[in-house]
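Q: model this:
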Amino acid sequence: MKKDLNPPMERVMQPILWIGAVPYLPHYTKKHLWVSPGKGPQTIKTTTELMALEAKFDMTPLWPRHWTQLLKVLH
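A: Take a look at the predicted model:
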């Protein structure tokens, strides 16, 4: 049996934001940007925009995003 040279990346608990039934996941590298499913500029919002829309916080296992560490402490 061959050894897997590309093992799956570890997932860790990360914050996500919800506006109604739409999840916004933290961008992998760009701080304070959140991405929802779909295409186009309407799928990207800042933390400030989501807070103004009264987004709800939740946690889910995702690939690590190091910029979210402060948000997890504040949650």
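
Q: all helices of the chain, in order?
A: Listed in chain order, the helices of the chain (DSSP state H) span 47-52, 69-74.

Q: pick out the shakiest of these, pLDDT-wise.
A: Lowest mean pLDDT of those: helix 69-74, a mean of 59.

Q: so what's the closest residue to E10 other than its chain neighbours up against?
A: Using Cβ to Cβ, 6 or more residues apart in numbering and skipping the chain neighbours, the partner closest in space to E10 is P64 (7.4 Å). From N, CA and C alone the C-beta is placed, and that goes for glycine too. If you count contacts by Cβ atoms under 8 Å, 6 or more residues apart in numbering, P64 has them with 9-12, 14.

Q: quick check, pLDDT for P64.
A: Model confidence at P64, given as pLDDT, is 87.

Q: name the residues that touch stretch 43-57?
A: Under the contact criterion Cβ under 8 Å, 6+ apart, stretch 43-57 has outside partners 15-19, 24, 27, 32-37, 71, 75.

Q: so in the protein, where's the weakest helix or strand by average pLDDT?
A: Counting by mean pLDDT, DSSP states H and E, the chain has its least confident helix or strand at helix 69-74, which shows a mean of 59.

Q: how many other residues sit next to H32?
A: H32: 15 surrounding residues under other Cβ atoms under 10 Å.

Q: so the closest residue to it other than its chain neighbours versus T60, what's the distance?
A: Ranked by Cβ to Cβ, 6+ apart and with sequence neighbours excluded, the top spatial neighbour of H32 is T47, at 4.4 Å. Distance of T47 to T60, computed by Cβ to Cβ, to the nearest Å: 17 Å.
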